[in-house]
Structure formats: C-alpha cells, structure tokens
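# Model the following, please.
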Amino acid sequence: MNKPNIILSLAIALLFAACGNKQTDNKTEDVQTSKSPDKTKSDVIVISAQSEPDTLKGSLPAQADGKVGGTEIKISYHSPAVRGRIVWGGLVPYDKVWVTGAHMATSIEFNQTLLIGGKEIPAGTYALFTIPGKDEWTVIINHNWKQHLTDKYDPKDDLVRVKVRPEVEENNQERLRYVVEADDNSEGEIVVYWEKLEISLPVKSTH
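Have a look, this model is predicted:
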C-alpha cells in the first residue's frame, strides 16, 4: 500500500472512532439529564418533601394519590419551584384566583361522593383553585377542570368554596407539593405545601 492510501485509511479509522465516542457521550448525557427521583410515569412524577433546589427546570407535571375512607382521590397538577423567588404576594399574588400550581388548572378526581365544606360533591373530575390571602385562603372546587390557568374560570361553575387558614412550616418546601392524608376511616385532608406554607382542605368520605 502506498503512502497516500495509508494516510487515507488512518484518517477514516480516526473519524469512525471519534463518531463512536460522541454517540457514547450523548447517551451518557441523556441518561443523566433524564434522571428524576420518585418517577412514576415517563411524564408524571410524585413530588417528595424537599428543602433544597433541584436541578430540574420548569414546572413539572405531577400527581398525588390517596384514599379517604372508601373514596380514591387523584390530584394532577404542575409543580413550580421556589428558586429563591418571593412566592406569596410576589410570584403568587394575594386575593386573586390561582390554579394552585402552574400551566393547566389543577384537577382533582374521586370515584365516590366526597363531602367538602359541608357539601356533597358527586364522583367526577373537578378543578381545584385557591384565592391566597395573608391570613386566610379560599379553596374552590369548580366544574371546569379543562382550562389553561384561570383563562376560563367562571365563579358560576363553583361547586363549593371553603375558607382555610395557612400554617407556617419550619422547613422550606422547594417544589409545590400535594398530599392526600387520611385522618381516620372516613375523614382526611388534601394538603398543599409550598415554600414555608401549608394549606389543608378537610374532606370526608360518604362511603
């Protein structure tokens, strides 16, 4: 083999080796960036208690599931992070209807009648809105759960409004988090944690 052919062969071999290394690096990067703790589906996660900022960007699609009495409850929402921002009275204004999450309206679904604010709400899927206040919040269960933020919110679609008082937590919750908690056989709470506030909505199963 003459000298030009040897040089050409070496150049082709080096080119293939470089491409192989690049593909390996990309695969490693994909695996690293796709890691997410508490992942239940490819596009939905369960938010855990956390005090430190995470490396995930944006408001993540999340879900909380639980059971109160014989009633199964599922909450679907987008979870924003604090990221050093002023949340209450800043990122989240006081005295305005809020999706209590991000992007789409937060939805709450239950398979049997649930007692909320002294009113029986039939099994189905609804929107969960809140109106944050400095000393008192209003939690709203609304018919129209298929909407972006509060773009199509109409108080005429409200099924019930419940006044609750926020509680201050010692630890910071970096990402907004929903939890369904059962207190006994038939009573429980839907709890929202974010930053250093906790909001609890009492619910009761009729089954």
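# In terms of secondary structure, what does the helix or strand harbouring Val180 contact?
Per DSSP states H and E: Val180 is located in strand 167-182. Applying 3 or more Cβ pairs under 8 Å, 6 or more residues apart in numbering; DSSP states H and E, one finds that strand 167-182 makes contact with strand 60-68, strand 71-79, strand 187-205. In this view, the C-beta of every residue, glycine as well, is placed from N, C-alpha and C.
# tell me the angle the first one makes with strand 187-205.
Relative orientation of strand 60-68 versus strand 187-205 (axes from the mean of the first three to the mean of the last three Cα atoms, to 10 degrees): 70 degrees.
# now what about strand 60-68, what contacts it?
Strand 60-68 has contacts (Cβ atoms under 8 Å, 6 or more residues apart in numbering) with 36, 40, 43-47, 72-79, 114, 175, 177-182, 186-188, 203-205.
# That one - what's its average pLDDT?
Strand 60-68 shows a mean pLDDT of 96 in the predicted model.
# could you pull out the helices for the chain?
3-34 (DSSP state H).
# quick one on the thing from earlier: out of the helices and strands packed on strand 167-182, nearest to Gly118?
strand 187-205 (9.3 Å; Cβ to Cβ).
# Flag every buried residue along that closest one.
Using 16 or more other Cβ atoms under 10 Å as the burial criterion, the residues of strand 187-205 that qualify are 188-205.
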